[in-house]
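*Asks:* I would like the atomic coordinates for the input below:
(one chain, ligands or ions: 2)
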Amino acid sequence: MKKLLLPLLLISGTAFGQTKLRPEIDKKATAIEDKVIEWRRDIHQNPELGNNEIRTAKMVADHLRSLGIDVQEGVAVTGVVGILKGGKPGPVVALRADMDALPVTERVDLPFKSTVTATYNGQETGVMHACGHDTHVAILMGVAEVLAGMKNELQGTVKFLFQPAEEGIYQEGVTSWGAKQMVEEGVMKDVDAVFGLHIGSQMEVGKIGYRSGPALAGVDNLEITVHGTQAHGASPWSGVDPIVTSAQIISGLQTIISRNVNITAAPAIVTVGAIHGGIRHNIIPEKVEMIGTIRTFGDDQQNLVHKRVNEIATNIAESAGGKADVNITKLYPATVNDPELTELMGPTILAAAGEGNVLTNPLITGAEDFSFFQREKPGLFISLGGMKKGGDPTKTPSHHTPDFYIDEGGFVLGMRVLSYFVVDYMGMKK
Ligand SMILES: [Zn+2]
Ligand SMILES: [Zn+2]
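*Replies:* Ligands and ions are numbered 1, 2, ... in the order given. Okay, the predicted model is just below:
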């Protein structure tokens with residue numbers, strides 16, 4: 001039934017709806033390209049860390065207000081929500097841009113290079129838009145201008161979500177931030193569908209990439225403390241050695257991926273990133289502490305990996321006569337693109353990018369807190385090319401590095417595809 005219905009919806013959307021607005025979107029987006037680039041450079045030169053996006057948020061709020069959009073500030077600390085009511089009734093479509101920068105010192109020689117510094121985790125550091133969130137903010141400000149300019153034609157409401165702290169803030173005792181906190185504050189309650197994009201420094205300008213279903217990994221922090229019994233290093237039989245036990249646990253954890261996870265469905269990762277224990281060559285210490293990260297692509301897989309980490313660590317420690325405490329903190333769930341929405345929007349992406357410019361993304365083991373919005377309502381998260389045409393992705397600096405660089409030639413496509421999502425979805429769902 002659904003298969004039969006879909007073409008009808010598409011036809012009605014095309015005939016009565018909103019795809020006729022595409023040429024107008026193209027015109028408006030092209031006309032404001034220079035302005036969007038200027039905003040991006042301004043934000044790039046003035047980057048702000050998570051939950052400190054005060055200047056950026058003000059710039060966004062002022063701009064939205066100047067367009068006649070209703071604005072709420074201070075959402076989830078520094079977030080901004082804009083509501084643009086169309087001239088006709090219809091669904092509520094949310095568009096999201098994250099605003100925060102990273103504790104990275106910029107090394108790129110640009111006239112708008114960041115020289116901002118901050119104290120982060122007790123260390124002096126440069127601050128840089130080393131993940132491209134400056135481009136997301138500028139593009140969405142542009143989309144707001146494009147869509148506000150055709151407000152009367154819109155069959156529904158557009159909700160602009162300018163989100164703080166996507167990269168996490170990791171402060172003692174703080175358990176909610178960014179997208180999670182925005183959801184907790186109720187921003188998704190009236191939303192029918194949510195769209196977002198991420199610029200990619202290693203994908204050519206003009207391209208759009210996406211995939212249906214799981215797209216980016218869920219991420220959890222792992223802490224294991226192995227308790228033994230302290231002893232002289234020359235008489236290990238008189239104690240319980242937590243270092244040898246930890247070595248067995250680390251090896252054991254890798255069997256979760258090779259022997260428990262169905263890797264034909266989706267990969268998973270368990271990484272131990274640090275291990276601390278002991279003080280001297282001839283003392284077997286009392287305990288060893290390990291920290292690491294877990295990456296999974298869905299709730300079932302996540303539950304399986306957590307269960308096995310617990311079993312392996314506690315049982316190996318017990319078999320040695322010691323004890324392991326396992327503490328797993330869930331950070332971001334997997335980013336999962338709603339299959340039905342993704343299928344519905346496939347033609348829209350193709351129309352925006354053009355034949356030959358749409359790629360199927362590989363699974364990405366990085367994480368994105370866009371996933372919190374998608375857990376509330378159907379959502380689609382795409383990648384937008386930000387590498388200069390003809391560039392070599394293997395030689396192009398990756399995200400979160402001091403040499404991270406974005407070619408500005410893809411901003412118009414970014415504005416076009418997000419605007420198309422809005423009008424096409426409204427046309428199909430009115
Ligand atoms: Zn990032
Ligand atoms: Zn990012």
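*Asks:* only C-alpha atoms from now on, for both contacts and neighbour counts.
*Replies:* Will do.
*Asks:* what about the helices in the chain?
*Replies:* Counting by DSSP state H, the chain has helices at residues 2-16, 22-31, 33-45, 54-66, 133-148, 178-184, 242-255, 299-319, 339-353, 370-376, 411-429.
*Asks:* enumerate every residue touching the residue nearest the centre of the chain.
*Replies:* Using Cα atoms, centre = their mean, the residue of the chain that lies closest to the mean C-alpha position is residue 368, 2.2 Å off. Residue 368 sits next to 166, 216, 217, 218, 332, 334, 335 when contact means Cα atoms under 8 Å, 6 or more residues apart in numbering.
*Asks:* go through those and say which is closest to residue 27.
*Replies:* Relative to residue 27, the closest of the contacts of residue 368 is residue 166; by Cα to Cα it sits at 31.5 Å.
*Asks:* show me how this structure divides into domains.
*Replies:* Domain assignment of the chain by automatic domain parsing yields the ranges 2-216+334-429, 218-332.
*Asks:* dump the ones you listed into TSV; add mean pLDDT as well.
*Replies:* As requested, the domains of the chain are exported to TSV (pLDDT from 0 to 100):
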stretch	mean pLDDT
domain 2-216+334-429	94
domain 218-332	97
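*Asks:* buried deepest among those, which one?
*Replies:* domain 2-216+334-429 (a mean of 20; mean count of other Cα atoms under 10 Å).
*Asks:* and that one, how far out from the chain's middle?
*Replies:* The chain centroid and the centroid of domain 2-216+334-429 are separated by 10 Å under Cα atoms, centre = their mean, to the nearest Å.
*Asks:* residues contacting stretch 385-399, please?
*Replies:* Stretch 385-399 has contacts (Cα under 8 Å, 6+ apart) with 130-132, 199-208, 403-410.
*Asks:* again, only this time at 10 Å
*Replies:* Applying Cα atoms under 10 Å, 6 or more residues apart in numbering, the set of residues contacting stretch 385-399 from outside is 129-132, 135, 198-209, 357, 403-411, 413-414.
*Asks:* any idea how far apart the tips of that stretch sit?
*Replies:* With Cα to Cα, to the nearest Å as the measure, stretch 385-399 spans 13 Å from end to end.
*Asks:* please apply the same query to stretch 165-176.
*Replies:* OK, stretch 165-176 end separation, Cα to Cα: 10 Å.
*Asks:* quick check: bridge partners of the residue lying closest to residue 73 once chain neighbours are set aside?
*Replies:* Leaving aside its chain neighbours, residue 73 sits nearest to residue 80 (4.7 Å; criterion: Cα to Cα, 6 or more residues apart in numbering). Legend: beta-bridge partners of residue 80 under DSSP bridges are residue 73, residue 162.
*Asks:* repeat for residue 213
*Replies:* residue 337.
*Asks:* wait, it touches residue 361, no?
*Replies:* No - assessed by Cα atoms under 10 Å, residue 213 is found out of contact with residue 361, at 11.3 Å.
*Asks:* of all the helices of the chain, which lies closest to residue 272?
*Replies:* Minimum separation from residue 272 across those (Cα to Cα) falls at helix 242-255, 7.3 Å.
*Asks:* kindly export that closest one (C-alpha atoms) in PDB.
*Replies:* What follows is helix 242-255, C-alpha atoms only, in PDB (Å, rounded to 0.1, in the frame of the first residue of the first chain):
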ATOM      1  CA  PRO A 242      45.900  -6.100  38.400                       C
ATOM      2  CA  ILE A 243      48.400  -5.400  35.500                       C
ATOM      3  CA  VAL A 244      48.400  -8.900  34.200                       C
ATOM      4  CA  THR A 245      44.700  -9.000  34.700                       C
ATOM      5  CA  SER A 246      44.300  -5.800  32.800                       C
ATOM      6  CA  ALA A 247      46.300  -7.200  29.900                       C
ATOM      7  CA  GLN A 248      44.000 -10.200  29.700                       C
ATOM      8  CA  ILE A 249      40.900  -7.900  29.900                       C
ATOM      9  CA  ILE A 250      42.200  -5.600  27.000                       C
ATOM     10  CA  SER A 251      42.800  -8.700  24.800                       C
ATOM     11  CA  GLY A 252      39.500 -10.100  25.900                       C
ATOM     12  CA  LEU A 253      37.600  -7.000  24.900                       C
ATOM     13  CA  GLN A 254      38.800  -7.300  21.300                       C
ATOM     14  CA  THR A 255      37.000 -10.600  21.000                       C
END
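*Asks:* angle of that helix against helix 299-319?
*Replies:* Interaxial angle, helix 242-255 versus helix 299-319 (axes from the mean of the first three to the mean of the last three Cα atoms, to 10 degrees): 150 degrees.
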